[in-house]
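Visitor: let me see the structure of the following:
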Amino acid sequence: MKNTILFFLLAIFTSTFAQKPEVDTAQIVIPNRKNSPATMDKPYVILISADGFRHDYAQKYNAENLLRLAATGVQADAMIPSFPSITGPNHYTLITGMYPSHTGFVDNYFFDNQRKEYFSMSKKETISDGSWLNGVPLWSLAEQQGMISASLFWVASNSDAGGTRPTYYYDYHEQFSEDQKINILLNWLKLPAEVRPHFITYYFPQVDKNGHIYGPNAVETKDAVKMVDEYVAKIVAKVSALNLPNVNFIFVSDHGMTDVDTENPIAIPPTLLDESRFITISGQTLLRVMVKNEAEVKSVYKKLKKERTSDYKVYLTDKFPKRLHYRTSDDRRHRIGQILLVPKAPKIFLRPGEKTKSGKHGYDPRLSPDMKATFYAWGDAFKPNLKIKAFENVHVYPLLTNILDLKITQPIDGKIEVLKGILK
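Guide: Below you'll find the predicted structure:
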C-alpha cells in the first residue's frame, strides 16, 4: 500500500513537471545580413534600460558607478515618461520616438475593436506580431539602412514592427544570469566588423520587480539598484577592454515607482462590471472604459461623474488633458476607450477579489513626480560633465538616429533640437 501511494505521488509529480512548458532561450539570428561599407566607421550605441529605475534612485541608494559614469557625460534631472507611465508603452516609445496613442501601444493589455482581439505585452503571439503596432523601431530603421543591430531583450524586439527585426535577438525570458547576458553582449562586439552590431539594447527587470513587491523604499529595491549599478560597471569595463572606436552608452528607465494605498482601494463602479455593455480594462492606476453602444457614452459618463468620489476623476477621452497626448484625437488605432477613470496617487482601483502589490506606476508624471524616469549618457558622442533639465522620452529616438547617422523615415513626435546640445 505504501509503495502504491509513493508511486501514485511520483506519477503526479512527473506528469505535472512534464507538462510545464520549456522556456526557449535560443538566440535567433537573421542570416545573410552584413553592415554596409559606410556603417563600418559609424559609432556604437549600447542602450541600457533598467525597468522601474526611478529618477532619484541613483542618489537615494548611492549607485556610485552610475553616478560616476553619468558625471563623465550627461545627466538629466529626470526623464518624463509618456502617459500612461507603464512598461510596454514607454519602452516602445523610447525605441520609436512616438507617443503610445500614436504607436497604438496604449497599455500593457488592451482590446482592438477592429480585430476583435486582445493584445498582451506578455503574450508572444501578439508582442511578436508587428501588425499590432505603428512606428519604426530603431533596430528596424538601422537594419533597413545597412546597420546590423542586436537586442538582449527590449519590449517588441522580437517583433517585425517597422518591417525588420534585429539581426540578433531573443524572445523574452529571464533564464539568463546577468553574467551570461554580458557574455552575449561581448560576443556580439567581438564579431567580425562586417557582421558586428552597432546598435544594441540591454534590459534589466530587477528594480521594477522588487519595487512592485516591496515598494520603492524597501531594502530589496535598494539591493536591486545596487545590483544594476554593479553590472553596468562590468558592462562598461568589459566593453572598454575591446578597444572599439566611438562607443556610447545610454542608460534609461521607462518609469518610476511609488508606494500605493493597498489598504483602502477604490472599488470599480458596479456599472462598469457589466461585460455585456462595457470592456473595462484596469491597470489599477488607470481605468479605461470602452462602451459597446456608442449612444450610451454620454449617459454613462454623467452617471460615473455623479457617483465618483474625491479619490479619482472621470474624463471623456476626447476631453482628456491635451498635454498627455492620450485624447481620442490622438488615438490612431482607436484602442483607448471613450471614458477614463484616473485615481489620484496613491489611490488605486481594484476589482472584487483582486490582489495588488506595494509599489505601482502609471500615474501622470507631472502630478506624481515619483513616476519620473532616469536618463544618463556617456561616451565619445557626448559632452562631458553636463547636467540638463528633465525632458520627455520621445526625444531619445532622434538623439539615437543622430548619433548613428540614420535617416528618420516617417513622422515622429520626438525632436532632435531638444537633446542635440548634449552632443559634441
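Visitor: could you tell me the phi and psi values at the spatially most central residue of the chain?
Guide: Closest residue to the average C-alpha location of the chain: residue 91 at 2.9 Å, with Cα atoms, centre = their mean. Residue 91 has phi and psi values of phi -60, psi -40 when expressed as degrees, to the nearest 10.
Visitor: try residue 122
Guide: Main-chain torsions, residue 122, degrees, to the nearest 10: phi -90, psi 0.
Visitor: what about it, distance to residue 171?
Guide: 12 Å (Cβ to Cβ, to the nearest Å). Quick note: C-beta positions are derived from backbone N, CA and C, even for glycine.
Visitor: compare the two (neighbour count), which wins?
Guide: When residue 122 and residue 171 are compared for neighbours, residue 171 comes out ahead with 16 against 10, by other Cβ atoms under 10 Å.
Visitor: need the contact list for that one.
Guide: 24, 28, 124, 128, 158 (Cβ atoms under 8 Å, 6 or more residues apart in numbering).
Visitor: surely the second one meets residue 169?
Guide: Translated: residue 28. Yes - taking Cβ atoms under 8 Å as the definition, residue 28 is a contact partner of residue 169 at 5.5 Å.
Visitor: which residues do those two both contact?
Guide: By Cβ under 8 Å, 6+ apart, the residues touching both residue 28 and residue 169 are residue 158.
Visitor: comparing these two, which residue is more hemmed in?
Guide: Between residue 28 and residue 169, counting by other Cβ under 10 Å, residue 169 is the more crowded of the two (22 against 14).
Visitor: for that one, which residues are in contact?
Guide: Contacts for residue 169 (Cβ under 8 Å, 6+ apart) come out as 27-28, 139, 150-151, 157-158.
Visitor: then residue 207?
Guide: With Cβ under 8 Å, 6+ apart, residue 207 has these contacts: 50-53, 57, 221, 224-225, 228, 253.
Visitor: now swap in residue 86 and tell me
Guide: Per Cβ under 8 Å, 6+ apart, neighbours of residue 86: 107-108, 254-255, 283, 285, 361-362.
Visitor: what bridges to the residue nearest to residue 422 when sequence neighbours are not counted?
Guide: Leaving out its chain neighbours, the residue that sits closest to residue 422 by Cβ to Cβ, 6 or more residues apart in numbering is residue 74, at 4.7 Å. Following DSSP bridges, residue 74 is listed with bridge partners residue 377, residue 386.
Visitor: distance of residue 74 relative to residue 308?
Guide: 43 Å.
Visitor: settle it for me: which of the two has more neighbours?
Guide: Neighbours were counted for residue 74 and for residue 308 using other Cβ under 10 Å; residue 74 has more, 24 against 14.
Visitor: the contacts of residue 171 in strands, which ones?
Guide: residue 28 (DSSP state E).
Visitor: and the contacts of residue 171, which of them are buried?
Guide: In terms of neighbour count (16 or more other Cβ atoms under 10 Å), the buried residues within the contacts of residue 171 are 128, 158.
Visitor: so which of the contacts of residue 171 sit within helices?
Guide: Among those, DSSP state H puts residue 124 in helices.
Visitor: any chance of the contacts of residue 171 in CSV, plus distance to residue 315 and pLDDT?
Guide: Listed next are the contacts of residue 171 as CSV, based on distance: Cβ to Cβ, whole Å; pLDDT from 0 to 100:
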residue, distance to residue 315, pLDDT
24, 42, 86
28, 42, 96
124, 33, 94
128, 33, 96
158, 35, 96
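Visitor: list just the nearest of the contacts of residue 171 to residue 177.
Guide: Using Cβ to Cβ, residue 24 comes nearest to residue 177 of the contacts of residue 171, at 17.3 Å.
Visitor: got a pLDDT number for the residue lying closest to that closest one once chain neighbours are set aside?
Guide: Leaving out its chain neighbours, the residue that sits closest to residue 24 by Cβ to Cβ, 6+ apart is residue 171, at 5.8 Å. Residue 171 is assigned 95 on the pLDDT scale.
Visitor: name the element residue 82 belongs to?
Guide: Of the helices and strands defined by DSSP states H and E, none includes residue 82.
Visitor: mind listing the helices for the stretch 51-200 of the chain?
Guide: Counting by DSSP state H, counting those that start in this stretch, the stretch 51-200 of the chain has helices at residues 57-60, 64-72, 87-96, 100-103, 124-127, 138-144, 178-189.
Visitor: the residue nearest to residue 422 reaches residue 374, doesn't it?
Guide: No - the criterion here is Cβ under 8 Å, and residue 74 misses it with residue 374 at 11.9 Å.
Visitor: give the contact list for residue 200.
Guide: 44-47, 149-152, 185, 188-189.
Visitor: show me which of these is closest to residue 132.
Guide: Taking Cβ to Cβ as the measure, residue 132 lies nearest residue 151 of the contacts of residue 200, at 17.8 Å.
Visitor: which non-adjacent residue is nearest the closest one?
Guide: According to Cβ to Cβ, 6+ apart, the nearest residue to residue 151 is residue 157 (3.6 Å).
Visitor: do the same with residue 199
Guide: The shortest distance from residue 199 to any non-neighbouring residue, by Cβ to Cβ, 6+ apart, is to residue 149 (4.4 Å).
Visitor: burial count for residue 273?
Guide: 13.
Visitor: name the SS class of the residue nearest to it when sequence neighbours are not counted, please.
Guide: Among residues not flanking residue 273 along the chain, residue 280 sits closest, at 7.1 Å (Cβ to Cβ, 6+ apart). Put simply, residue 280 is strand when judged by DSSP: H, G, I helix; E, B strand; the rest coil.
Visitor: same check, this time on the one 10 residues further on
Guide: Secondary structure assignment for residue 290 (three-state DSSP): strand.
Visitor: residues contacting it?
Guide: 111, 113, 278-281, 337-338.
Visitor: and which of those is nearest residue 247?
Guide: Closest to residue 247, out of all of the contacts of residue 290 and judged by Cβ to Cβ, is residue 281, at 41.7 Å.
Visitor: what about the strands in the stretch 301-424 of the chain?
Guide: 312-316, 339-343, 349-350, 359-360, 375-379, 386-388, 391-392 (DSSP state E, counting those that start in this stretch).
Visitor: tell me the most buried of the ones you listed?
Guide: strand 359-360 (a mean of 28; mean count of other Cβ atoms under 10 Å).
Visitor: which helix runs longest in the chain?
Guide: Counting by DSSP H, the longest helix found in the chain is helix 219-240.
Visitor: what's it packed up against?
Guide: strand 44-50, helix 57-60, helix 64-72, helix 178-189, strand 199-204, helix 206-214, strand 247-252 (3 or more Cβ pairs under 8 Å, 6 or more residues apart in numbering; DSSP states H and E).
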